[in-house]
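>>> Here is my input; please provide its structure:
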Amino acid sequence: MIWCRFQSGQKISFGILEGGVVTEVSGSPFDEHTVTSTTHQLSKVKLLAPVIPGMLYAAGPNHRGHVEGMAARRGTPPSYPDRPSPNYRSVHAIVGSEENVIVPAECSGAIQPEGQLAVVIGKKARRVSVDEALDYVFGYTIGNDISQRPWQQEDRTMFRSKNCDTWKPMGPWIVTGLDPTAFRIIVRHNDDVWEDFTSSQQIWSAAEWIHELSSYATLYPGDVIWMGTQGADGDMVPGDTIEVEISSIGTLKNYVVAE
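Numbers count the residues shown, from 1 in each chain. Take a look at the predicted model:
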């Protein structure tokens, strides 16, 4: 099933997408809801980010290729994490597909995309085992963890290097019932392929991340975990188009513009 969040006129709703038609839902897929008889052509509505989570977790270094690429950029040996290392991202930085990624006037250094699988939690989870972790997943979508590399290296936190307004594109929708170990993830820059990797290359799986996070903090319906990226991509500049495609989900597309 494909769930989306959309705007028609001034109204924002969740919906179920099938065959180019969105059936409007009253309520939220993460709570009590009713499927209505109201339908919309997908081409006639504006798709929004499919969820604004209470918490947006980021997996940190979760692909060996990313660890190695970032180390090469710094000119240092790669240092692989010995356990999952979660971070947070600002939910206020989330935008949907086909939206602009805005480069602040203060930003003059390298800005790079990070195409990522995003895991959407469907049930309250606390101290969940690895074996049962995927039972708590609602579905999967796509994230792009836009990152400013000089700020990331200079600052003690990732506040400005990762969380500027519009720097967390997510979408275009959520797909349920998929195998999180079997995705192919492609990052395109102006139609050129920058990254092509699979979710099977993750250091820690979605199930292991859910287990780890829920060992310390309760996960709630609608929370999202971004699962990390593979390489260290090239630099984006205003005028660029960035796409993240994940098999069986779709394509997240955004446009880089100057403030």
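>>> In terms of pLDDT, where does residue 232 sit?
In this prediction, residue 232 carries a pLDDT score of 64.
>>> what about the lowest-mean-pLDDT helix or strand in the chain, distance to the chain center?
Least confident element among the helices and strands of the chain, by mean pLDDT, DSSP states H and E: helix 64-74 (a mean of 78). Relative to its parent chain, helix 64-74 has a centroid offset of 20 Å by Cα atoms, centre = their mean, to the nearest Å.
>>> and after it, which helix or strand comes next?
Proceeding N to C from helix 64-74, the next assigned helix or strand is strand 87-89, under DSSP states H and E.
>>> List the contacts of that next one.
The set of residues external to strand 87-89 that reach it, using Cβ atoms under 8 Å, 6 or more residues apart in numbering, is 55-60, 145, 158, 162-163, 168, 226. C-beta: built from backbone N, CA, C; applies to glycine.
>>> Equivalent analysis for stretch 245-253, please.
For stretch 245-253, the surrounding residues in contact (Cβ under 8 Å, 6+ apart) are 97-98, 115, 117, 140-144, 169-173, 175, 178, 182-186, 188, 241-244.
>>> can you give me the end-to-end distance of that stretch?
End-to-end span of stretch 245-253 (Cα to Cα, to the nearest Å): 9 Å.
>>> ditto for stretch 101-119
22 Å.
>>> Next: stretch 36-50.
Counting by Cα to Cα, you get 18 Å between the two ends of stretch 36-50.
>>> any low-confidence regions in this protein?
232 (pLDDT under 70).
>>> same thing but 80
Along the chain, the model assigns pLDDT under 80 to residues 66-67, 69-74, 231-233.
>>> what domains does the record give for it?
With domains defined by automatic domain parsing, the chain comprises 1-48, 49-258.
>>> For burial, what's the neighbour tally of residue 145?
Neighbours of residue 145 under the rule other Cβ atoms under 10 Å: 26.
>>> err, residue 26, not the other one
12.
>>> same deal with residue 19?
The burial count for residue 19: 5, using other Cβ under 10 Å.
>>> now swap in residue 74 and tell me
12.
>>> quick one: contacts for the residue lying closest to residue 80 once chain neighbours are set aside?
Leaving aside its chain neighbours, residue 80 sits nearest to residue 67 (5.6 Å; criterion: Cβ to Cβ, 6 or more residues apart in numbering). Counting by Cβ under 8 Å, 6+ apart, residue 67 makes contact with 61, 78-81.
>>> quick one: which of the residues you listed has the most company?
residue 61 (20 neighbours).
>>> Mind checking what secondary structure the residue located most distally from the centre of the chain has?
Within the chain, residue 37 marks the point farthest from the mean C-alpha position, 30.5 Å out by Cα atoms, centre = their mean. Reduced to three states with DSSP: H, G, I helix; E, B strand; the rest coil, the structure at residue 37 is strand.
>>> From residue 13, how far out is it?
13 Å (Cβ to Cβ, to the nearest Å).
>>> Please compute how far stretch 47-54 lies from its chain's middle.
Using Cα atoms, centre = their mean, the offset of stretch 47-54 from its chain centre is 10 Å.
>>> Now the terminal residues of that stretch, how far apart.
End-to-end distance (Cα to Cα), stretch 47-54: 20 Å.
>>> ok so, going back, out of the domains of the chain, deepest packed?
Neighbour counts (mean count of other Cβ atoms under 10 Å) averaged over each of those peak at domain 49-258, with a mean of 19.
>>> Residue 155 versus residue 24, what's the distance?
43 Å.
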